[in-house]
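K.L.:
Sequence plus the predicted model coming up.
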Amino acid sequence: MHWLKQYRREWLAGDTVAGVVVAMMLIPQGMAYALVAGLPPVTGLYASLLPALAYALFGSSMVQSVGPMAITSLMVATSIGALAPVGSPLYAVLSQQLALVAGVVLFLCGVLRLGFLSNFFSRPVMSGFTSGAALVISLGQCKPLLGMASDSNWAAVHGPSAAIGLGSLGLLVLARYGLPKALASWGRRTADILTKLAPIAVIVGATVVVSMLGPDASGVRTVGVVPGGLPSIQFPGSGAHWRSLLMPALLIGFMVFLSSQSAAQSLAQRRNERIDTNRELLGLGAANLASAVSGGFVVTGSISRSAVNYTAGANTPLASLLTAALLAIALCVPNGWLSLLPLPALAATIMVAVLGMVDFSTLAEAWRHDRSDAATLLATTAGVLLIGVEEGVVLGVVLSSASLVWRSSHPHIAVVGRIPGTEHFRNTERHTVETLPHVLMLRIDSTLVFNNTDAVIARIEQELSTRPQAQHLVLVLSAVNMIDTTALLALTELNKNMREQKRYLHLCEVKGPVMDRLKHSKLLGKELTGQVFLSAAQAYQHLAGEATV
């Protein structure tokens with residue numbers, strides 16, 4: 001708790017208000033996300049207690065709110081659904097074991113300073129995964145929204161339940177899109193907080209309606225008995241499923257880190273703070289370990305709750321600790337009213353929360369900027385919807401990696417010439433430039449490594465073949481940050497072939513680190529047929545006076 005040593009008295013009011021606001025938000029939300037995970041609703045409250053303390057000890061974000069989240073809850077359900085029946089004691093144990101394994105993985109990644117691994121997930125993959133998971137969760141809440149059993153057909157809609165569910169859904173949509181404008185005169189911050197708290201008012205209203213009708217008489221399914229008291233601290237059992245949980249835990253761990261990192265970075269920018277990636281791994285790992293031993297399940301930094309925490313005035317993790325304290329009090333005092341929370345209203349809350357995560361803006365931007373990224377996003381979304389959450393993510397990562405490999409293996413190469421009256425050299429296809437008939441200048445806009453060497457050499461040979469009068473080839477290497485052994489050998493072979501053709505290979509604008517490697521090679525030792533020039537302008541000026549051989 002490095003922040004505690006520097007705590008200021010003036011921060012206390014903001015932390016207190018934020019702690020209360022997020023606690024009010026977390027009671028229905030945590031219970032709802034536990035249902036998404038296939039767990040008893042109270043599990044969502046358990047997962048919001050010790051994890052907050054653990055993150056405060058190790059994490060780096062001052063306003064991150066750690067607890068259950070819709071997408072990770074879905075991943076928990078899909079990961080252990082095939083290993084145990086939903087609602088069974090084994091299912092609950094496996095959910096804790098999954099959090100334990102994910103926590104160990106995240107914590108070890110933090111110790112080993114492996115935060116750079118987040119670079120394996122591109123923004124389109126994350127966007128596609130989030131959108132696909134949001135749609136899967138929403139579709140999964142349709143039957144609870146209408147009061148239908150999970151194994152019933154669509155004709156078995158329960159009237160009172162559907163009325164409460166659809167009514168709650170309509171009110172939540174109206175609040176999300178109409179309340180900010182209606183409350184604009186109250187100030188943006190107040191309007192934002194009240195809009196985020198609208199689900200609480202809807203849940204309370206639905207609960208009042210059910211209590212007035214009587215849950216038995218109305219037939220509306222409710223949360224049921226919520227155990228009072230704090231969760232016991234115990235290691236989540238042992239069994240034969242640890243190996244089966246490893247791969248899902250690795251994937252969930254990455255999702256936990258990436259979603260949490262996204263929220264933390266966004267809020268840190270607003271507060272002019274710096275997020276330590278490796279400390280985030282430690283904090284999230286510790287939070288999941290704490291959740292595992294206290295009856296919870298996988299937790300992460302919530303984008304929506306963290307935003308509410310920040311907007312409500314949070315200055316330090318003390319706000320999250322106050323939230324956890326208030327939740328603990330709510331579990332310890334008489335909580336019979338929680339048992340009357342109607343499942344259709346909770347389903348409506350989940351649907352509105354997750355549908356707001358469907359990311360159309362990134363898709364539109366990717367479509368305008370790079371169609372391959374847009375295709376990766378759509379493929380990831382479709383994969384999550386059609387073949388499964390984990391499989392969809394893997395598909396997106398594979399496609400993203402394949403796109404990266406393809407691009408790096410087909411680098412951009414431009415024939416360049418001098419802009420008249422300057423020392424600037426630009427692409428002959430884009431600018432009006434001056435060229436020399438006996439000189440071919442090629443700018444290679446990529447590192448030269450084994451996977452693109454053949455394509456680069458083929459392009460060079462093609463350009464030379466169409467210009468038989470060109471006696472000098474100048475490779476402009478201003479964009480080349482590395483030349484590996486495969487590329488070096490290929491350039492050596494190219495130089496040999498040009499010698500046989502009585503042509504000359506020149507290099508220019510070679511970066512220092514690249515030159516440090518090249519100067520020990522045979523290519524620059526005695527074999528280079530041409531020269532190494534400091535700049536393209538110097539090469540052009542020197543070769544302009546050369547007579548055609």
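P.N.:
Yep, it's here.

K.L.:
Whichever helix in the chain runs longest: how far from the chain's middle?
P.N.:
For the chain, the longest helix by residue count, based on DSSP state H, is helix 242-270. Distance, stretch centre to chain centre, for helix 242-270: 8 Å (C-alpha atoms, centre = their mean, to the nearest Å).

K.L.:
for that helix, packing partners?
P.N.:
When contacts are defined as 3 or more C-beta pairs under 8 Å, 6 or more residues apart in numbering; DSSP states H and E, helix 242-270 packs onto helix 70-80, helix 89-111, helix 123-140, helix 277-293, strand 300-301, helix 303-311, helix 389-409. Just so you know, the C-beta spots here come from the backbone N, C-alpha and C atoms, and that holds for glycine as well.

K.L.:
6 Å - rerun?
P.N.:
In terms of contacts (3 or more C-beta pairs under 6 Å, 6 or more residues apart in numbering; DSSP states H and E), helix 242-270 is packed against helix 89-111, helix 277-293, strand 300-301, helix 303-311.

K.L.:
Burial-wise, tell me which of these comes out on top.
P.N.:
Comparing the helices and strands packed on helix 242-270 on average neighbours per residue, with mean count of other C-beta atoms under 10 Å, the densest one is strand 300-301 at a mean of 30.

K.L.:
I'd like to know which of the helices and strands packed on helix 242-270 is closest to H241.
P.N.:
Set against H241 and scored by C-beta to C-beta, the helices and strands packed on helix 242-270 come closest in helix 89-111, at 6.0 Å.

K.L.:
quick revisit: what's the angle from the longest helix of the chain to helix 70-80?
P.N.:
Interaxial angle, helix 242-270 versus helix 70-80 (axes from the mean of the first three to the mean of the last three C-alpha atoms, to 10 degrees): 170 degrees.

K.L.:
on that earlier part again, of all the helices and strands packed on helix 242-270, which one is nearest E527?
P.N.:
Set against E527 and scored by C-beta to C-beta, the helices and strands packed on helix 242-270 come closest in helix 277-293, at 45.2 Å.

K.L.:
quick one: that closest one to helix 70-80, angle?
P.N.:
60 degrees.

K.L.:
Report the distance from helix 277-293 to the chain centre.
P.N.:
Distance of helix 277-293 from its chain centroid, counting by C-alpha atoms, centre = their mean, is 17 Å.

K.L.:
C-alpha coordinates for the helix or strand bottoming out on mean pLDDT in the chain, CSV please?
P.N.:
Here the helix or strand of the chain ranked lowest by mean pLDDT, DSSP states H and E is helix 215-218, holding a mean of 76. Extracted in CSV, the C-alpha atoms of helix 215-218 (Å, rounded to 0.1, in the frame of the first residue of the first chain):
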residue,chain,number,x,y,z
PRO,A,215,-43.1,-14.5,-5.1
ASP,A,216,-45.2,-17.7,-4.6
ALA,A,217,-48.4,-16.2,-5.9
SER,A,218,-46.8,-14.4,-8.9
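
K.L.:
if we can go back for a sec, next, format the helices and strands packed on helix 242-270 as a markdown table and append mean pLDDT.
P.N.:
Output for the helices and strands packed on helix 242-270, formatted as a markdown table (pLDDT from 0 to 100):
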| stretch | mean pLDDT |
| --- | --- |
| helix 89-111 | 94 |
| helix 277-293 | 95 |
| strand 300-301 | 92 |
| helix 303-311 | 84 |
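
K.L.:
what's the closest of those to Q538?
P.N.:
Each of the helices and strands packed on helix 242-270 has some distance to Q538 by C-beta to C-beta; the shortest is helix 277-293, at 42.7 Å.

K.L.:
Export the helices and strands packed on helix 242-270 as CSV, with columns for distance to L528.
P.N.:
Shown next, in CSV, are those (distance: least, C-beta to C-beta, whole Å):
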stretch, distance to L528
helix 89-111, 46
helix 277-293, 43
strand 300-301, 55
helix 303-311, 55
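
K.L.:
for the ones you listed, which one sits closest to S465?
P.N.:
helix 277-293 (49.1 Å).

K.L.:
and the angle for that closest one with helix 89-111?
P.N.:
Put simply, helix 277-293 runs at 160 degrees to helix 89-111, going by the same axes, to 10 degrees.

K.L.:
Report the residue spans of the chain with pLDDT below the cut-off.
P.N.:
In the predicted model, the chain carries pLDDT under 70 at residues 118-121, 151-152, 154-155, 238-239, 546-549.

K.L.:
closest to L245 out of the helices and strands packed on helix 242-270?
P.N.:
Using C-beta to C-beta, the nearest of these to L245 is helix 89-111, at 5.3 Å.

K.L.:
what packs against the closest one?
P.N.:
helix 242-270, helix 277-293.

K.L.:
how about 8 Å then?
P.N.:
Packed against helix 89-111 by the contact rule (3+ C-beta pairs under 8 Å, 6+ apart) you find helix 70-80, helix 242-270, helix 277-293.

K.L.:
could those be laid out in TSV, adding distance to L322?
P.N.:
Formatted as TSV, those follow (distance: least, C-beta to C-beta, whole Å):
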stretch	distance to L322
helix 70-80	24
helix 242-270	18
helix 277-293	17
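
K.L.:
Show me the one of those that comes nearest L100.
P.N.:
Taking C-beta to C-beta, helix 277-293 is the member of these nearest to L100, at 3.7 Å.

K.L.:
List the residues that contact the residue nearest to G147 when sequence neighbours are not counted.
P.N.:
Of all residues not flanking G147 in the chain, S161 sits nearest, at 2.3 Å (C-beta to C-beta, 6 or more residues apart in numbering). The neighbours of S161, taking C-beta atoms under 8 Å, 6 or more residues apart in numbering as the test, are 146-148, 219-221, 342-344.

K.L.:
cool, G396 as well?
P.N.:
Contacts of G396 (C-beta under 8 Å, 6+ apart): 124-125, 128-129, 376-377, 379-380, 383.

K.L.:
ranking the residues you listed by neighbours, who comes first?
P.N.:
Ranked by the number of neighbours (other C-beta atoms under 10 Å), the contacts of G396 place G128 first, at 33 neighbours.

K.L.:
Just give me the closest of the contacts of S161 to L172.
P.N.:
P344 (12.0 Å).

K.L.:
Residues in contact with the helix or strand containing the closest one: which ones?
P.N.:
Element membership of P344, judged by DSSP states H and E, is helix 343-355. Residues outside helix 343-355 that contact it (C-beta under 8 Å, 6+ apart) are 28-29, 31-33, 35-36, 70-71, 133-134, 137-138, 141-142, 144-147, 161-162, 164-166, 168-169, 172-173, 176, 199, 202-203, 206-207, 220-223, 304.

K.L.:
Check which helix or strand the nearest residue in space to G67 that is not next to it in sequence maps to.
P.N.:
Using C-beta to C-beta, 6+ apart and skipping the chain neighbours, the partner closest in space to G67 is S48 (4.1 Å). Using DSSP H and E, S48 sits in no helix or strand.

K.L.:
Which members of the contacts of helix 343-355 are classed as buried?
P.N.:
Among those, those buried by neighbour count (16 or more other C-beta atoms under 10 Å) are 28-29, 31-33, 35-36, 70-71, 133-134, 137-138, 141, 144-147, 161-162, 164-165, 168-169, 172, 176, 199, 202-203, 206-207, 220-223, 304.
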